[in-house]
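Peer 1: Pasted the sequence and its predicted model underneath.
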Amino acid sequence: MAAAAGRLLPLMLLLLPLLVVGAAASSVTYDHRSLIIDGRRRLLISTSIHYPRSVPAMWPKLVAEAKDGGADCIETYVFWNGHETAPGQYYFEDRFDLVQFARVVKDAGLYLMLRIGPFVAAEWNFGGLPVWLHYIPGTVFRTNNEPFMSHMKSFTTKIVDMMKNEQFFASQGGHIILAQIENEYGGDEQAYGPGGKAYAMWAASMALAQNTGVPWTMCQQPDAPDPVVNTCNSFYCDQFEPNSPTKPKIWTENWPGWFQNFGESNPHRPPEDVAFSVARFFGKGGSLQNYYVYHGGTNFGRTTGGPFITTSYDYDAPIDEYGLRRLPKWAHLTELHKSIKLCEHTLLYGNSTLLSLGPQQEADIYTDHSGGCAAFLSNIDSEKDTVVTFRNKQYDLPAWSVSILPDCKNVVFNSAKVRSQTLMMDMVPETLQASKPDQWSIFTETVGIWDKKDFVRNRFVDHINTTKDSTDYLWYTTSFDVDISYLASGNQPVLNIDSEGHAVHAFLNNMLIGSAYGNGSISSFNVHMPINLKAGKNNIALLSMTVGLHNAGIHYEWVGAGLTSVKISGTKNGTIDLSSNNWAYKIGMEGEHYSLFKPDQGNNQRWRPQSDPPKHQPLTWYKVNVDVPQGDDPVGLDMMSMGKGLAWLNGNAIGRYWTRTSSTDDRCNSTCNYRGTFSPDKCRTGCGKPTQRWYHVPRSWFHPSGNTLVVFEEQGGDPTKITFSRRVATSVCAFVSENYPSVDLKSWGKSISDDGRVGAKVQLSCPKGKIISTIKFASFGDPSGTCRSYQQGSCHHPNSLSVLEKACLNRNSCTVSLSEEGFGEDMCPGVTKTLAVEADCA
Ligand code: GAL
């Protein structure tokens, strides 16, 4: 026994490095071509997942989905204001448990890119910088001044030391292969004057002095000093060149969608265009590309930036806010990553040549010493599909597309030919949980000053300097006397409010008379509200609100908010300017002061039980016991019946809700053409609808029973209509043509047909536990349209439906080849056939 163990020991020692779980490296350097990890050039796919935008219970699955999607690396920012809550006071628990997140990534066998910032922008409150820092005398953000730099240095050092303690840097055998300091400072540097350059150079040297043993990057920083690598952030980075021939071409932010603002329509970036941009980048010598964001998640609580950025940070990302794959985007990019990886060695070690194939068509060809050849054929014409000849073979190249040929012969991928199915997700309402009347209780806020006023001024104070962002809310209240003769004129008096933002609810004599807010990214507004005054004393109470602090822009930390002028016009005596009246102020809501959202019993006497909770009543807190939505689908809180406010489940802050709608003509298009340069305004949906109706409530926030939902409604709504909805896939669609690449990426190199035109197929798959219950549409011929609105063309095979039903009905998944015999004889020779299918999952 002992002898056997003795013989096994050397073998085990030999195997030990192979047994190490998780990603590990020992050295990361770079040359002009790529990062070099343990002596080998690497072509890397990286995916941003921001740890505080989901919950720890979601992390392993999110990371696994990224890995399945072909990621080598996870990228995250570090969110300073979530971690250093007061100077020197740190928080690393729960959603902010950075070490745990890093460990999840390591255990999944992926690398980590840590963008420490600590300024991050990121549509995150105040760009990630702590609000308290703004109030340390002498501090100016992101430029050459002692307080800012010393705090930035201590925080950076704190994070680096935490990572070192865990042996997380690759130089220590860990998985962190890159770190970033600052964020997109290059474009702002000049505006900060001479201090700008000095600060940028200081940031670089401060970072280098941390001795992490891994390279540092600075994104959008053309003057990043050696050895810091300057990287690109954009929708396209194929034309980017680093500032030195010794540095590799790295793309730190490829935006696969875009963020949303309350009151605006929803942007989408088509998967064909995302894939196009990535393929172009790798074809043009890129070596590391990161999706910002691969999973956007949720801006829980008051973490969202602003003004007006939604609580959802879905971003139209490959993994949706709720942690589910977005198809076809996720799958299309997964195929892209596999295709690029087939070329890795040839791309990284070969020589490249550029060959023109037409006026706007070209081939980037790579050949290496071992005989490898890989080619990227591009058609950058944004309108015309074309056929090109490359090495005596013809290749069909749709407009604005790239084909990848890992052997310079066979197309394994074309960015415009989406083979994956589309998965249609719906929010399916649960029956109302709060139906038992005795479960409601309410707390009604006082209009204006509750308890004692905080202070009085005969002018307006800045909202943010007053609340220091401890709350969204600041009351500005005053009163004035109206002589009966003012009112005799028959004119309609008007209340005129000017505000620097972000929103206001106006109360006259305790009644809500109107609300106003800024638009888009402009926080300031003015509003004119017709009012009815009474003779004698009139009270005005204006509830000013912030909706996420600015998160980017030069000197953004000085942008103010709150009222700047209040006047009443239209009285017989002309305009009454109330701006220099005595204004009494109160910071925050009373319910916030008592922490009514906390589940403890301490507040029980404040809550008033109500069998029928009041509806459409402003400034009301509602509390209700709710059941756990059945099953394990992700959950969204449907706030359609409500106005604006905040919500919590069991004390966890779901976030700000606001059913603010966009205008009906807010840039929406009925179709979205993927061809041509993308911008966030290109493909929008949801005009005339609330920007955000559902709010993600992570499953891990529910207890098996005894769950409490607390909602603070500012304007008035019907709380009895609030429901939980489950996010479920209800149907699948596919649209595949005969001329789509048919190579099975898994068996590449083993068996490969020399003719890419045979064997295209449609694959349908419902989520686990569901079956294809109906085929709603099937047409083999020349159908057109998009999922849920496909139409037959002039060529339609009559057997289409029966072939699909036979192959797919009552199955969880099915595959139908376009060469299927069941389609019978060719009804329209010469037409390139497409099979379009829509099916329900049940
Ligand atoms: C970039 C910035 C990111 C994020 C992004 C838009 O400019 O670096 O932090 O704000 O824009 O989503």
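Peer 2: Structure's in. What do you need?
Peer 1: Give me every residue in the stretch 201-350 of the chain lying close to the ligand.
Peer 2: By C-beta under 6 Å from any ligand atom, the residues of the stretch 201-350 of the chain that approach the ligand are 233, 253, 255, 259. In this view, the C-beta of every residue, glycine as well, is placed from N, C-alpha and C.
Peer 1: Might you specify the subset of the residues you listed located within helices?
Peer 2: Among those, no member is found in helices (DSSP state H).
Peer 1: Report how many residues lie close to Asp68.
Peer 2: Using other C-beta atoms under 10 Å, the number of residues around Asp68 comes to 12.
Peer 1: With adjacent residues omitted, what lies nearest to it?
Peer 2: Nearest non-adjacent residue to Asp68, counting by C-beta to C-beta, 6 or more residues apart in numbering: Thr334, 7.2 Å away.
Peer 1: Show me what the helix or strand where that neighbour lies packs onto, helices and strands only.
Peer 2: Using DSSP states H and E, Thr334 sits in helix 329-342. Helices and strands touching helix 329-342, by 3 or more C-beta pairs under 8 Å, 6 or more residues apart in numbering; DSSP states H and E, are strand 44-49, helix 271-283, strand 401-405, strand 413-414.
Peer 1: Need the ones you listed in TSV (columns: mean pLDDT and mean neighbour count).
Peer 2: Shown next, in TSV, are the helices and strands packed on helix 329-342 (pLDDT from 0 to 100; neighbours: other C-beta atoms under 10 Å):
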stretch	mean pLDDT	mean neighbour count
strand 44-49	98	27
helix 271-283	98	26
strand 401-405	98	27
strand 413-414	97	28
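Peer 1: of all these, which lies closest to Arg726?
Peer 2: Smallest distance to Arg726 across those (C-beta to C-beta): 23.0 Å, for strand 44-49.
Peer 1: ok, then the element right after that closest one?
Peer 2: Next helix or strand after strand 44-49 toward the C-terminus (DSSP H and E): helix 59-68.
Peer 1: which residues are in contact with that next one?
Peer 2: 47, 49, 51, 54, 74, 100-101, 104-105, 107-110, 294-295, 319, 323, 325, 330, 334 (C-beta atoms under 8 Å, 6 or more residues apart in numbering).
Peer 1: Now, those that are in strands?
Peer 2: Cross-referencing the contacts of helix 59-68 against strands under DSSP state E gives 47, 49, 74, 294-295.
Peer 1: Quick check: the farthest pair among these?
Peer 2: Farthest pair in these, by C-beta to C-beta: Ile74 and His295, 9.7 Å.
Peer 1: overlap in contacts of the two?
Peer 2: In contact with both Ile74 and His295: 47-49, 66, using C-beta under 8 Å, 6+ apart.
Peer 1: circling back to that earlier point, contact partners of the helix holding Thr334?
Peer 2: With C-beta under 8 Å, 6+ apart, helix 329-342 has contacts from 43, 45, 65, 68-71, 256, 271-272, 274-275, 278-279, 282, 291, 316-319, 325, 347, 374, 404, 406, 412-413, 415, 418-421, 745, 748.
Peer 1: What of stretch 383-396?
Peer 2: Under C-beta under 8 Å, 6+ apart, the answer for stretch 383-396 is 355, 357-358, 361, 363, 375, 377, 379, 397-399, 403, 405, 408-409, 411, 675-676, 739.
Peer 1: so which residue of this structure comes closest to the ligand?
Peer 2: Ala121 (3.4 Å; C-beta to the nearest ligand atom).
Peer 1: Now do the SS call for that residue.
Peer 2: coil (DSSP: H, G, I helix; E, B strand; the rest coil).
Peer 1: got the contact list for Pro270?
Peer 2: If you count contacts by C-beta under 8 Å, 6+ apart, then Pro270 has 672, 674, 678, 683 around it.
Peer 1: can you pull the pLDDT of the closest residue to the last one other than its chain neighbours?
Peer 2: What it means is Cys683. Among residues not flanking Cys683 along the chain, Cys672 sits closest, at 3.6 Å (C-beta to C-beta, 6+ apart). Cys672 carries a pLDDT value of 93.
Peer 1: helices or strands up against the longest strand along the chain?
Peer 2: Longest strand in the chain by number of residues (criterion: DSSP E): strand 723-737. Packing partners of strand 723-737 (3+ C-beta pairs under 8 Å, 6+ apart): strand 422-429, strand 635-638, strand 761-765, strand 834-841.
Peer 1: was I right about Gly651 contacting Asn603?
Peer 2: No - in this structure, Gly651 is not within contact of Asn603 by C-beta atoms under 8 Å, at 11.5 Å.
Peer 1: Of those two, which one has the most company?
Peer 2: Asn603 (18 against 13).
Peer 1: Wait, that one touches His593, no?
Peer 2: No - Asn603 lies out of contact with His593 (C-beta under 8 Å); the separation is 10.8 Å.
Peer 1: what residues does the protein put near the ligand?
Peer 2: So far as C-beta under 6 Å from any ligand atom goes, the chain lies against the ligand at 120-123, 183-184, 233, 253, 255, 259.
Peer 1: again, only this time at 5 Å
Peer 2: 121-122, 184 (C-beta under 5 Å from any ligand atom).
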